[in-house]
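In: 3D model of this:
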Amino acid sequence: MVPYLTTALTGPLLELEKRLLDAQPTIEHWFRQQWKVQSAPFYTSVDIRNAGFKLAPVDTNLFPGGFNNLNPSFMSLSIHAAMGAVEKICPYAQRLLLIPENHTRNTFYLQNVAVLAHILRQTGLIVRIGTLIPEITQPTTLELPGGGRITLEPLVRTGARIGLAGFDPCAVLLNNDLSAGVPEILKGLEQNIMPPLHAGWATRRKSRHFTAYQHVADEFAQLVGIDPWLIDPYFDQCGKIDFQARQGEVCLAEKVDAMLKKIRAKYDEYGIDQPPFVIVKADAGTYGMGIMTVKSPDDVRELNRKQRNKMAVGKEGMEVSEVLIQEGVYTFESINEAVAEPVVYMLDNFVVGGFYRVHTGRGADENLNSPGMHFVPLAFDNTCVMPDRSANPDATPNRFYAYGVIARLAMLAASIELDEALKESKRAVMETAAETA
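Out: Residues are numbered from 1 along each chain as shown. Have a look, this model is predicted:
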C-alpha cells in the first residue's frame, strides 16, 4: 500500500522524529487542549517538505482539491471525520450545497468534487452541487473518467438564502477559493458557509498564515524541546510589486538577500552543506502559479520578460501585487527516483489521509505543484496518530506521525489566522459605522 520511499540526509531529521515520538503523549494532550479553544477549519490540506534536516509546511490550503488522490481503501476515515465536522457546524443539517471551482474542463478536479460529494453523502446528508459559472443555466451533467458523473446546477438566491431550484440547503460548503473575489450572490447569507468567506484568497494572505504558524511553532518547540527553525520556514513579505513595470524590485532583492543570509547562518550552525535558496510566490493564490526559486538577489534583478509575465499573474488572471518571500525547504524524498513531497489531508481536526506529489522533471529545490506532476496515494490509516514508539524513528508509521504533527500545527495556525481575520473585519465594520455616524 505504501510506495518505496527514499529519504536522504536523515540524521538531524531522525533526531527530530525521535523527539516527537518521545513526546507523543504530551503532544496529543497539547493538541486536545488547543482544540478546546480553537475551532478547526472544515477541511485543510498541507504541503510539507522533508529536507532531511528540517520538516516544515510550505503551504496550507483551506479549499483542498485533491480528495480523489487519497487512498480509497481508507474512505471511512474521511466519512467519520466529516460526520464530526458537520455536526459541530450545523448539527441539524440534512441538505448541503457544495459549490466547486469553475473548472468544468479539468476532469481531475471534477473527480475531486465527486469524491468529496460521496464522502458527505455517506454521512447521511443530501448533497447537491451548485455552480458559479454564469453559462450554466440548467442542470448539466458532466461525464468523468472511469464512468462517473456529476451534475452541476445553477445557484438560486432567495432573500438571505442560497440554494438550487427546489433545494433549500441547511449549510453551504465551498470548494472554491474565491481567488477572483467574493461573488455578490454569496454575500450576506444567513446560512452557515464553510469555510467562511474570509478564508478565500480575495482577503486571505499567506504571510498572515505563516505569522500565525510562527507563534504556534514557537510554543510547540518549547513544549518538545527543539529549535523552532526545524519545523518553521523563515518568511518575509513584500507589497506593491509590479513585475512587468519592474516596481518593487529593490525591496524584493534586498529582502531576498537578507533571507539568504539568515538561512546560511542556520545551515552553518547545523553543518548543512547545501546552498540556501528562497521561494518567491504570490501572497494570495494557489495552483502553483506565481512561484519562482531564487538563489541570489541577482535572480530577482535579472528576470527576463517571460519570467516577469509568469510572476505577474495568478489564478483567475488576478494581478500579483504582493509576494511572500519564504525560506526554501529542500525535499530529499523521492519515489522511483522522482522528487516527491507529502501532502496531508484533514477533515475537522483529524488527519484522514494524504499523498505524495511527485514530479519527474523538477529538482529538490523547486516547486512541484506544476504541470507534469502526478500523485501517489498513501495509506495513512492510523499511522498519523498511532506511531510505533518501539520501532526506528524513520519506520513508516513514525514518519507518517511526524507528517501528521506538522500538518496539524499548520491547521491550528490556520484556525488562529481565520479568527484574527474575522476580528479585523468586525473592527473595520465598526470603524466604518462610527465614521458614517
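In: quick check: K18 is in a helix.
Out: Yes. Residue state for K18 (DSSP: H, G, I helix; E, B strand; the rest coil) corresponds to a helix.
In: next one, pLDDT for it please.
Out: Looking at K18, its pLDDT is 83.
In: same question for the one 5 residues further on.
Out: Taken from the predicted model, the pLDDT recorded for A23 is 92.
In: burial measure for the closest residue to it other than its chain neighbours, as a count.
Out: The shortest distance from A23 to any non-neighbouring residue, by C-beta to C-beta, 6 or more residues apart in numbering, is to V224 (4.4 Å). C-betas here are computed from N, CA, C, even on glycine. A total of 17 residues lie near V224 under the criterion other C-beta atoms under 10 Å.
In: please apply the same query to R128.
Out: Neighbours of R128 using other C-beta under 10 Å come to 20.
In: check the gap between it and T140 for me.
Out: Separation of R128 from T140 (C-beta to C-beta, to the nearest Å): 13 Å.
In: what touches both of these two?
Out: 151, 153 (C-beta atoms under 8 Å, 6 or more residues apart in numbering).
In: does S425 belong to a helix, a strand or coil?
Out: helix.
In: am I right that it is in contact with H198?
Out: Yes. Proximity of S425 to H198 meets the contact threshold set by C-beta atoms under 8 Å, at 5.9 Å.
In: quick one: the strands in the stretch 1-150 of the chain?
Out: 6-7, 43-50, 55-61, 95-100, 126-131, 140-143, 149-154 (DSSP state E, counting those that start in this stretch).
In: of the ones you listed, flag the one that's most buried.
Out: strand 43-50 (a mean of 25; mean count of other C-beta atoms under 10 Å).
In: can you state the direction angle for that one and strand 55-61?
Out: Angle between the axes of strand 43-50 and strand 55-61 is 150 degrees (criterion: axes from the mean of the first three to the mean of the last three C-alpha atoms, to 10 degrees).
In: who are the packing partners of strand 43-50?
Out: strand 55-61, strand 338-347, helix 396-436 (3 or more C-beta pairs under 8 Å, 6 or more residues apart in numbering; DSSP states H and E).
In: now do the shortest one, average pLDDT.
Out: So that's strand 55-61. Here the average pLDDT along strand 55-61 is 95.
In: which residues does it contact?
Out: Contacts of strand 55-61 (C-beta under 8 Å, 6+ apart): 13, 16-17, 44-49, 177, 206, 209, 213, 230-233, 279, 286, 326, 329, 369, 402-403, 406-407, 409-411, 413-414.
In: that strand pairs with which strands, parallel or anti?
Out: Strands adjacent to strand 55-61 in the sheet, as given by DSSP bridges, are strand 43-50 (antiparallel).
In: show residues contacting the partner strand.
Out: 7, 13, 55-62, 64, 66, 85, 195, 329-333, 341-348, 357, 369, 403, 406-407, 410-411, 414.
In: swap the cut-off to 7 Å and go again
Out: Applying C-beta atoms under 7 Å, 6 or more residues apart in numbering, the external contacts of strand 43-50 come out as 7, 13, 55-62, 64, 66, 329-333, 341-347, 403, 406-407, 410-411, 414.
In: over to stretch 151-171?
Out: 89-90, 92-97, 128-132, 136-142, 172, 185-186, 188-192, 194.
In: what's the closest non-adjacent residue to N112?
Out: Using C-beta to C-beta, 6+ apart, the closest residue to N112 is N68 (4.6 Å).
In: my bad, E143
Out: For E143, the spatially nearest residue (C-beta to C-beta, 6+ apart) is R149, at 5.3 Å.
In: distance check, the one you found against I99.
Out: Distance from R149 to I99, by C-beta to C-beta: 18 Å.
In: all helices of this structure, in order?
Out: With DSSP state H as the criterion, the chain has helices at 11-22, 24-37, 75-89, 107-121, 206-224, 249-270, 297-301, 305-312, 396-436.
In: packing partners for the fourth one?
Out: The reference is to helix 107-121. Judged by 3 or more C-beta pairs under 7 Å, 6 or more residues apart in numbering; DSSP states H and E, helix 107-121 is in contact with helix 75-89, strand 95-100, strand 126-131, strand 149-154.
In: quick one: closest of those to L252.
Out: With C-beta to C-beta as the measure, strand 95-100 is the member of these nearest L252 (34.4 Å).
In: all set now, cheers.
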